[in-house]
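*Asks:* 3D, please:
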Amino acid sequence: MTAVELVEGYRRKTISPVEATQEALDAIDRYDERVNAFVLVDREGAMAAAKESEARWHTGEPLGPGDGVPTSIKDALWTKGWPTLRGSHLIDEAGPWDEDAPAVARLRETGAVILGKTTTPEYSWKGVTDSIKYGATGNPWDPTKTSGGSSGGSATAVGLGMGAWSVGTDGGGSVRIPAAFTGTVALKPTYGLIPLFPPSAFGTLSHAGPMTRTVRDNAALLDVIAGFDSRDWSAMPTPTSSFLDGIDDGVAGLRIGFSPDLGFVDNHPEVDAAVRAAVEVLQAAGAEVSEVDPGFDDPIDAFNVLWFSGAAKLLQAYGEAVGDQVDPGLRRTAEAGAHFTASDFLDATATRMELGRLMGLFHRRYDVLLTPTLPLPAFAVGQDVPDGSPSPDWTSWTPYTYPFNLTQQPALSVPCGFTSEGLPIGLQIVGKRHADGLVLRVGQAYQSATAWHTRVPSLQEV
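*Replies:* Now for the predicted structure:
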């Protein structure tokens, strides 16, 4: 059941939070040994929280719209009482762990049942999920394939029913990449809508984002975790309306710009065909679709300056202690980042600002932009890049995601088909800053007309 369905069931007393939590824990027992999505599971704590939620629902006094929903948290977000080790040997497990990240605090306030923490590559530095500390996370559709990353544990958990929803982070595609690879839904919201604390080493590229199986659940989770937090200097004011409002208004009359390749990307042919078919669905639903490119060159060089500099600053704090304790790719990235100058950083920032201006002008003409989420399906687990890649950098195969971290626009990934090998394909819906509700509305219109999100992962068929 989706989170929205669970809450309605709690209200009607046709299902209880205890039953839902037990089912999520059973799914973890059934599947996690094969996919490695969790680094921590608190069975006793989860069942105790579920019983407390059940009592509140019986008296008609739930704490909020997420009361009793089984939830997981990416192990990049602080959780009071649990270590947040970020897939790294560098962090002292002893803590203290006495504070929740803003999104986690909002989940506790609404009464969500927090099952545990999900996997991440070391410090969320790359687009797949494996670490020296915890190993690699497999894909629900084929555990020999990557789940994507860096929020791959959360996507796999949601995809296999190991909790109805999860919260991940996205600095260059890290909720959307695994959503596309696992056939789930994820939103990178407008920057600041979901506060972050402590701040990311990758600065204002990094967002937190809801990860779910449906767009409606995504909007419901965003309602819970969006809101002002004084610990984040860039936090936006708390929304005054629900992201579920108007979500079923459809796309009739909306102006949609479709870019099949952004002008510089080569797609796997099955990805191209699936995304074009998805665009036709929205056109049939009444949207005015034009095939057009936003008109910018690949900003990978600017992104890499900012990203690699963040990696360098991150490891700088550990000095000579780093040694062989960290992911070799992270160390290589940090070494490259250490050579960038302040002038390089400012040049990259200028490129970022110009990209934001161009996209602002684009959205005067088009309500949303559609692209593939990724140009390829999932590749072998445990690799940073697919076989035959000319580059060792994860950014070489994620050209549709990182541009919109630079611009801080909302970007949603929804499943839009499968390859002949049974691997999911994602459609990305991008809106202007602060148009998160519109992006969700377009995603909901697509899901209302299709059934890709209802497909059962291969592991659940065994």
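*Asks:* next, name the residue at the spatial heart of this protein.
*Replies:* The residue lying closest to the centre of the chain (CA atoms, centre = their mean) is V175, at 1.7 Å.
*Asks:* phi and psi next, for the residue of the chain most remote from its centre.
*Replies:* Relative to the average C-alpha location in the chain, and by CA atoms, centre = their mean, no residue lies farther out than T59, which sits at 34.8 Å. Torsion angles at T59 (phi, psi; degrees, to the nearest 10) stand at phi -90, psi 0.
*Asks:* mind pulling the model confidence for it?
*Replies:* T59 carries a pLDDT value of 97.
*Asks:* go on, R11?
*Replies:* Per-residue confidence for R11 comes out at a pLDDT of 98.
*Asks:* cool, and the one 4 residues further on?
*Replies:* On pLDDT, I15 comes in at 97.
*Asks:* burial count for the closest residue to it other than its chain neighbours?
*Replies:* Excluding the flanking residues, the one nearest I15 by CB to CB, 6 or more residues apart in numbering is G9, at 3.8 Å. For glycine as for every other residue, the C-beta is placed from the backbone atoms N, C-alpha and C. Residues near G9, counting by other CB atoms under 10 Å, number 18.
*Asks:* I'd say G9 and E23 touch.
*Replies:* No - if you go by CB atoms under 8 Å, G9 and E23 don't touch, sitting 11.9 Å apart.
*Asks:* tell me, what's touching the two both at once?
*Replies:* In terms of CB atoms under 8 Å, 6 or more residues apart in numbering, G9 and E23 are not both contacted by any residue.
*Asks:* what about the strands in the stretch 251-400 of the chain?
*Replies:* Ranges of strands in the stretch 251-400 of the chain, per DSSP state E, counting those that start in this stretch, are 255-258, 288-291, 368-372.
*Asks:* pull the distance from the helix or strand just after the longest one to the chain's centre.
*Replies:* Going back to what we said before, that points to strand 368-372. On the C-terminal side of strand 368-372, the closest following helix or strand by DSSP states H and E is helix 403-406. Offset of helix 403-406 from its chain centre (CA atoms, centre = their mean, to the nearest Å): 14 Å.
*Asks:* and if you look at stretch 232-250?
*Replies:* Put simply, stretch 232-250 sits 18 Å off its chain's centre (CA atoms, centre = their mean).
*Asks:* how about the CA coordinates for it, as PDB?
*Replies:* Extracted C-alpha coordinates of stretch 232-250, given in PDB (Å, rounded to 0.1, in the frame of the first residue of the first chain):
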ATOM      1  CA  ASP A 232      19.600  26.500   7.800                       C
ATOM      2  CA  TRP A 233      20.400  30.000   6.800                       C
ATOM      3  CA  SER A 234      18.900  29.400   3.300                       C
ATOM      4  CA  ALA A 235      15.600  27.700   4.500                       C
ATOM      5  CA  MET A 236      12.500  29.000   2.800                       C
ATOM      6  CA  PRO A 237       9.300  29.900   4.700                       C
ATOM      7  CA  THR A 238       7.000  27.000   5.600                       C
ATOM      8  CA  PRO A 239       4.500  26.500   2.800                       C
ATOM      9  CA  THR A 240       1.000  27.700   3.600                       C
ATOM     10  CA  SER A 241      -0.800  25.100   1.400                       C
ATOM     11  CA  SER A 242      -0.500  21.400   0.700                       C
ATOM     12  CA  PHE A 243       1.400  20.100  -2.300                       C
ATOM     13  CA  LEU A 244      -1.600  17.800  -2.700                       C
ATOM     14  CA  ASP A 245      -3.800  20.800  -3.600                       C
ATOM     15  CA  GLY A 246      -4.400  20.800  -7.300                       C
ATOM     16  CA  ILE A 247      -2.300  17.700  -7.900                       C
ATOM     17  CA  ASP A 248      -5.100  16.100 -10.000                       C
ATOM     18  CA  ASP A 249      -5.800  19.300 -12.200                       C
ATOM     19  CA  GLY A 250      -4.200  17.700 -15.200                       C
END
